[in-house]
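[1] All I have is the shape, not the residue letters:
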């Protein structure tokens with residue numbers, strides 16, 4: 001048994017993940033002595049932690065646990081064989097997973113608002129937190145990205161509500177259940193359910209079961225907002241014991257959008273509640289998926305009693321989340337965006353949104369198969385269909401292919417052939433340097449480039465804009481501008 005009133009020092013094993021670092025900062029803000037270790041300590045996360053006076057150690061070593069902390073929090077990326085984990089187990093130090101710690105230190109004395117689903121969790125969480133802030137309700141929140149309105153991934157506002165992204169990924173090596181099962185949902189969003197996380201879920205039915213269990217946690221006094229365009233989410237919501245409302249960009253939802261007008265980076269629409277106009281909204285984001293996120297957020301905010309004018313103000317002043325369709329640079333008429341999309345549905349929705357709202361002469365998709373699912377051939381056909389909404393597609397080799405059994409790996413040669421058969425220009429360019437060279441050789445004014453990955457992607461986010469600038473600076477000095485290198 002862990003006696004929480006006796007805890008003063010807490011050590012994080014694997015502190016540099018976004019959620020782990022945010023939790024460490026939250027606990028430091030609560031007055032605990034916090035330390036942590038990781039084998040990948042570098043900016044911006046190292047600067048984030050050091051700026052909050054959190055001691056971080058490079059690598060995993062027994063000395064990091066001396067003197068012994070009162071509690072150890074173990075990240076879900078770590079497993080048996082890690083020397084710090086072995087020490088914790090051998091000497092019976094108290095330990096927890098990240099979601100357990102969130103539950104015990106932050107959620108029990110708040111009203112948790114948990115946002116779940118395959119897509120849109122991060123943006124919807126940030127929208128709800130911002131809406132509660134605008135309404136003066138001082139929310140606590142934790143989101144899996146940097147919410148631009150707060151310039152932070154978390155806040156401890158001290159109000160009644162804690163808004164948290166409900167991740168379906170597993171909790172720790174000793175707890176293979178989803179994180180969201182620890183979050184005590186009182187109000188919840190279930191946006192959509194699709195197959196993902198092929199490294200831990202063998203099929204869609206196994207994933208569906210976890211979401212069914214999540215819905216079953218919402219108490220009778222609680223509330224569920226459900227995405228009506230997701231058949232599985234809608235089916236699961238019918239088993240809920242609580243009140244529920246539907247949302248979607250289709251008729252007959254409780255919360256719906258009509259008269260949609262997307263242009264110049266703004267999406268305007270009539271937000272309707274049960275058929276009646278609620279407010280006309282001008283969202284500073286593009287894409288129908290962001291309309292759905294706004295509808296979900298509005299359903300929750302309305303249920304929590306936020307004034308209607310505050311809801312509209314929050315939606316219209318919402319700045320988004322970093323790495324979600326964010327403009328990196330515009331160079332000689334070439335616009336470069338980055339986006340977190342890696343699942344075929346997210347890739348498709350992102351490309352469609354950009355083509356509709358921005359109308360580029362040519363749309364480039366630079367796509368990294370990096371996530372556990374995107375490196376697998378489970379979506380071989382679907383990712384080709386999704387990427388075919390771009391005119392030019394550049395793909396590097398699989399990230400760490402040895403982590404995926406050979407028979408399960410995405411077939412890049414087949415993917416390129418499928419795209420070319422659809423009339424697209426498509427290349428497997430091995431690495432970031434090759435991609436940068438191709439873009440510098442072929443991109444021209446009017447093109448729009450989207451870099452899509454859920455990771456660092458070899459530093460391409462900085463390297464590509466720098467290389468394009470160098471190309472055009474050289475071209476201005478020479479009759480013929482050469483290509484450029486990464």
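    Alright, I've got the coordinates. Quick caveat: nothing in here was measured; it's all calculated off a predicted structure.
[2] Nearest residue to the middle of this structure?
    The chain has residue 122 as the residue nearest its centroid, 5.0 Å off, counting by Cα atoms, centre = their mean.
[3] Surely that one is within a helix?
    Yes: counting by DSSP: H, G, I helix; E, B strand; the rest coil, residue 122 falls inside a helix.
[4] Let me see the ranges of the helices in the stretch 301-450 of the chain.
    Counting by DSSP state H, counting those that start in this stretch, the segments of the stretch 301-450 of the chain that form helices are 308-317, 344-358, 380-387, 412-421, 432-442.
[5] Which one, of these, ends up nearest to residue 250?
    helix 344-358 (15.1 Å; Cβ to Cβ). Yep, even glycine has a C-beta here, placed from its N, CA and C like the rest.
[6] name the helices or strands packed onto the closest one?
    Here helix 344-358 touches strand 255-263, helix 288-303, strand 334-339, strand 362-367, helix 380-387, strand 447-452, going by 3 or more Cβ pairs under 8 Å, 6 or more residues apart in numbering; DSSP states H and E.
[7] where does the stretch 151-300 of the chain have low pLDDT?
    For the stretch 151-300 of the chain, no stretch has pLDDT under 70.
[8] What segments of it are helices?
    Along the stretch 151-300 of the chain, counting by DSSP H, counting those that start in this stretch, helices occupy 204-217, 231-237, 288-303.
[9] one step back: what's the pLDDT at the residue nearest to the centre of the chain?
    pLDDT recorded at residue 122 is 93.
[10] quick one, what contacts it?
    For residue 122, the contacting residues are 143, 144, 145, 165, 321, 324, 340, by Cβ atoms under 8 Å, 6 or more residues apart in numbering.
[11] can I get the residues you listed in a markdown table with distance to residue 304 and neighbour count?
    Formatted as a markdown table, the contacts of residue 122 follow (distance: Cβ to Cβ, whole Å; neighbours: other Cβ atoms under 10 Å):
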| residue | distance to residue 304 | neighbour count |
| --- | --- | --- |
| 143 | 17 | 28 |
| 144 | 22 | 18 |
| 145 | 22 | 19 |
| 165 | 17 | 24 |
| 321 | 21 | 24 |
| 324 | 24 | 25 |
| 340 | 27 | 22 |
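[12] Next step: those restricted to strands.
    Among those, the ones falling in strands (DSSP state E) are 143, 144, 145, 165.
[13] Can you tell me which of the helices and strands packed on helix 344-358 is most buried?
    Mean neighbour count (mean count of other Cβ atoms under 10 Å) peaks for helix 288-303 among those, with a mean of 26.
[14] Please work out the angle formed by the directions of it and strand 255-263.
    Relative orientation of helix 288-303 and strand 255-263, computed by axes from the mean of the first three to the mean of the last three Cα atoms, to 10 degrees: 140 degrees.
[15] so how far is helix 288-303 off the chain centroid?
    Offset of helix 288-303 from its chain centre (Cα atoms, centre = their mean, to the nearest Å): 17 Å.
[16] rewinding a little: now the helices of the stretch 301-450 of the chain as TSV including mean pLDDT?
    Shown next, in TSV, are the helices of the stretch 301-450 of the chain (pLDDT from 0 to 100):
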stretch	mean pLDDT
helix 308-317	97
helix 344-358	88
helix 380-387	94
helix 412-421	96
helix 432-442	94
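[17] per-domain residue ranges of the chain.
    Taking automatic domain parsing as the reference, the chain has its domains at 6-93, 101-317, 326-477.
[18] Burial-wise, tell me which of the ones you listed comes out on top.
    Stretch with highest mean neighbour count among the domains of the chain: domain 101-317 (a mean of 20; mean count of other Cβ under 10 Å).
[19] Can you give the distance from that one to the centre of its chain?
    The answer for domain 101-317 is 13 Å, by Cα atoms, centre = their mean.
[20] From residue 451, how far out is the residue nearest to residue 374 when sequence neighbours are not counted?
    What sits nearest to residue 374 in space, not counting adjacent residues and going by Cβ to Cβ, 6 or more residues apart in numbering, is residue 342, at 4.7 Å. Using Cβ to Cβ, to the nearest Å, residue 342 is found at 12 Å from residue 451.
[21] cool, and residue 427?
    Computed as Cβ to Cβ, the residue 427 to residue 451 distance reads 15 Å.
[22] Break down the stretch 101-250 of the chain into its strands, ranges please.
    Secondary structure of the stretch 101-250 of the chain, counting by DSSP state E, counting those that start in this stretch: strands at 111-116, 140-147, 152-156, 161-165, 170-172, 175-178, 187-190, 223-227, 243-248.
[23] What is the longest helix of this protein by residue count?
    Assignment by DSSP state H gives helix 460-477 as the longest helix of the chain.
[24] now the angle between strand 362-367 and that helix, please.
    Counting by the same axes, to 10 degrees, helix 460-477 lies at 140 degrees to strand 362-367.
[25] Tell me what angle helix 460-477 forms with helix 432-442.
    40 degrees.
[26] now helix 460-477 against strand 447-452, angle please.
    Relative orientation of helix 460-477 versus strand 447-452 (the same axes, to 10 degrees): 160 degrees.
[27] what's near enough to touch residue 345?
    The contact partners of residue 345, by Cβ under 8 Å, 6+ apart, come to 118, 119, 194, 386.
[28] With distance to residue 66 as new columns, can the residues you listed be given to me in CSV?
    Listed next are the contacts of residue 345 as CSV, based on distance: Cβ to Cβ, whole Å:
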residue, distance to residue 66
118, 42
119, 44
194, 46
386, 50
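[29] Return the distance of residue 82 relative to residue 65.
    12 Å.
[30] Kindly apply the preceding question to residue 15 instead.
    Counting by Cβ to Cβ, the gap from residue 15 to residue 65 is 13 Å.
[31] ok, back up a step: what's the closest of the helices of the stretch 301-450 of the chain to residue 32?
    With Cβ to Cβ, the closest approach to residue 32 among those belongs to helix 308-317: 31.9 Å.
[32] Not counting the closest one itself, show me its contacts.
    Residues outside helix 308-317 that contact it (Cβ under 8 Å, 6+ apart): 127, 130-131, 133-136, 149, 271, 278-279, 281-284, 294, 297-298, 301-302, 306.
[33] That one vs helix 288-303, what angle?
    Taking the same axes, to 10 degrees, one finds helix 308-317 and helix 288-303 inclined to each other by 150 degrees.
[34] Now do the helix or strand harbouring residue 24: which elements does it pack against?
    Assigned by DSSP states H and E, residue 24 belongs to helix 18-29. Using 3+ Cβ pairs under 8 Å, 6+ apart, the elements in contact with helix 18-29 are strand 9-13, strand 33-38, helix 45-50, helix 98-102, strand 140-147, strand 152-156.
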